[in-house]
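Trainee: Got a predicted model here, sequence first, then my questions.
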Amino acid sequence: MTKYFILAAILAVAGYGLVKAWPLLEGPSLSIASPQNNTTFSDGIVTIKGNAARAAQLTIDGALVLHQENGDFGTTLTFPSGDSELTFVATDLFGRKTTAERTIFVP
(Lines give C-alpha, C1' and ligand atoms only; values in the text may rest on other atoms or scores of the structure.)
Protein backbone atom coordinates (compact mmCIF):
# COMPACT_ATOMS: atom_id res chain seq x y z
CA MET A 1 0.00 0.00 0.00
CA THR A 2 2.85 2.40 0.80
CA LYS A 3 4.35 1.77 -2.66
CA TYR A 4 1.15 2.97 -4.34
CA PHE A 5 1.04 6.10 -2.19
CA ILE A 6 4.65 6.95 -3.05
CA LEU A 7 4.00 6.29 -6.75
CA ALA A 8 0.90 8.51 -6.69
CA ALA A 9 2.85 11.28 -4.95
CA ILE A 10 5.66 11.09 -7.52
CA LEU A 11 3.18 11.20 -10.41
CA ALA A 12 1.40 14.17 -8.85
CA VAL A 13 4.64 16.12 -8.44
CA ALA A 14 5.77 15.23 -11.97
CA GLY A 15 2.40 16.28 -13.40
CA TYR A 16 2.48 19.58 -11.52
CA GLY A 17 6.02 20.24 -12.76
CA LEU A 18 4.99 19.56 -16.34
CA VAL A 19 2.01 21.91 -16.09
CA LYS A 20 4.21 24.69 -14.70
CA ALA A 21 7.01 24.09 -17.24
CA TRP A 22 4.72 23.89 -20.28
CA PRO A 23 4.95 27.61 -21.18
CA LEU A 24 8.73 27.34 -21.24
CA LEU A 25 8.57 24.25 -23.43
CA GLU A 26 6.03 25.82 -25.79
CA GLY A 27 8.18 28.79 -26.86
CA PRO A 28 7.12 32.35 -27.73
CA SER A 29 3.89 33.31 -29.45
CA LEU A 30 3.22 36.50 -31.37
CA SER A 31 -0.07 38.12 -32.34
CA ILE A 32 -0.35 41.48 -34.07
CA ALA A 33 -3.61 43.36 -33.45
CA SER A 34 -2.65 46.45 -35.43
CA PRO A 35 -1.82 47.16 -38.22
CA GLN A 36 -3.71 44.70 -40.36
CA ASN A 37 -1.89 43.43 -43.44
CA ASN A 38 -2.11 45.61 -46.58
CA THR A 39 -3.55 48.62 -44.76
CA THR A 40 -3.23 52.17 -46.11
CA PHE A 41 -2.26 55.03 -43.78
CA SER A 42 -2.83 58.44 -45.37
CA ASP A 43 -0.70 60.39 -42.88
CA GLY A 44 2.11 57.82 -42.50
CA ILE A 45 1.58 57.48 -38.74
CA VAL A 46 1.09 53.85 -37.75
CA THR A 47 -0.03 52.63 -34.32
CA ILE A 48 1.33 49.17 -33.64
CA LYS A 49 -0.28 46.92 -31.01
CA GLY A 50 -0.05 43.26 -30.18
CA ASN A 51 1.04 40.58 -27.76
CA ALA A 52 4.30 38.66 -27.55
CA ALA A 53 3.63 35.99 -24.92
CA ARG A 54 6.58 34.18 -23.35
CA ALA A 55 9.04 36.45 -25.20
CA ALA A 56 12.23 37.76 -23.62
CA GLN A 57 12.85 40.11 -26.55
CA LEU A 58 10.69 41.69 -29.24
CA THR A 59 11.94 43.52 -32.31
CA ILE A 60 10.26 45.35 -35.18
CA ASP A 61 12.56 45.54 -38.21
CA GLY A 62 15.50 44.88 -35.90
CA ALA A 63 14.66 47.67 -33.42
CA LEU A 64 14.00 46.55 -29.85
CA VAL A 65 10.46 47.16 -28.59
CA LEU A 66 9.60 47.14 -24.90
CA HIS A 67 6.69 44.96 -23.86
CA GLN A 68 4.84 44.45 -20.62
CA GLU A 69 5.22 41.39 -18.41
CA ASN A 70 2.01 39.90 -19.83
CA GLY A 71 3.39 40.38 -23.38
CA ASP A 72 1.31 43.37 -24.48
CA PHE A 73 3.15 45.97 -26.53
CA GLY A 74 2.34 49.15 -28.38
CA THR A 75 4.20 51.89 -30.18
CA THR A 76 3.66 54.53 -32.85
CA LEU A 77 5.93 54.81 -35.88
CA THR A 78 6.07 57.16 -38.86
CA PHE A 79 6.69 55.83 -42.37
CA PRO A 80 7.59 57.54 -45.66
CA SER A 81 5.49 57.31 -48.81
CA GLY A 82 5.30 53.93 -50.49
CA ASP A 83 5.14 50.34 -49.37
CA SER A 84 6.76 49.28 -46.11
CA GLU A 85 7.13 45.78 -44.78
CA LEU A 86 7.24 45.32 -41.01
CA THR A 87 8.94 42.23 -39.59
CA PHE A 88 8.12 41.34 -35.98
CA VAL A 89 10.38 38.83 -34.21
CA ALA A 90 9.72 37.48 -30.70
CA THR A 91 12.58 35.55 -29.06
CA ASP A 92 12.36 33.58 -25.82
CA LEU A 93 15.05 32.90 -23.19
CA PHE A 94 16.22 29.80 -25.08
CA GLY A 95 16.70 31.60 -28.41
CA ARG A 96 13.58 30.18 -30.06
CA LYS A 97 11.93 32.69 -32.41
CA THR A 98 8.59 33.33 -33.99
CA THR A 99 8.06 35.86 -36.77
CA ALA A 100 5.14 37.84 -38.18
CA GLU A 101 5.08 40.24 -41.12
CA ARG A 102 2.77 43.07 -42.14
CA THR A 103 2.79 45.19 -45.30
CA ILE A 104 1.51 48.77 -45.11
CA PHE A 105 1.13 51.53 -47.69
CA VAL A 106 1.48 55.30 -47.33
CA PRO A 107 0.24 57.27 -50.38
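Mentor: Everything's here; your move. Residues are numbered from 1 along each chain as shown.
Trainee: From here on, just use CA atoms for contacts and neighbour counts.
Mentor: Noted.
Trainee: buried residues in stretch 42-49?
Mentor: For stretch 42-49, the neighbour count (16 or more other C-alpha atoms under 10 Å) marks 44, 46, 48 as buried.
Trainee: what's the closest of these to residue 36?
Mentor: residue 48 (9.5 Å; C-alpha to C-alpha).
Trainee: so what's the closest one up against?
Mentor: 32-35, 74-77 (C-alpha atoms under 8 Å, 6 or more residues apart in numbering).
Trainee: for residue 33, same thing?
Mentor: Taking C-alpha under 8 Å, 6+ apart, we find residue 33 in contact with 48-51.
Trainee: Now do the contacts for residue 52.
Mentor: 28-31, 58, 67, 71-73, 90.
Trainee: As CSV, these with distance to residue 4 and secondary structure would be great.
Mentor: Output for those, formatted as CSV (distance: C-alpha to C-alpha, whole Å; DSSP: H, G, I helix; E, B strand; the rest coil):
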residue, distance to residue 4, secondary structure
28, 38, coil
29, 39, strand
30, 43, strand
31, 45, strand
58, 47, strand
67, 47, coil
71, 42, coil
72, 45, strand
73, 48, strand
90, 44, strand
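Trainee: among those residues, which two are most distant?
Mentor: Most distant of the contacts of residue 52, by C-alpha to C-alpha, are 28 and 73, 14.2 Å apart.
Trainee: Between those two, which has more neighbouring residues?
Mentor: Per other C-alpha atoms under 10 Å, whichever of residue 28 and residue 73 has more neighbours is residue 28, with 25 against 17.
Trainee: pLDDT wise, what is the more buried one at?
Mentor: pLDDT recorded at residue 28 is 94.
Trainee: now the one 3 residues further on
Mentor: Note for residue 31: predicted pLDDT of 96.
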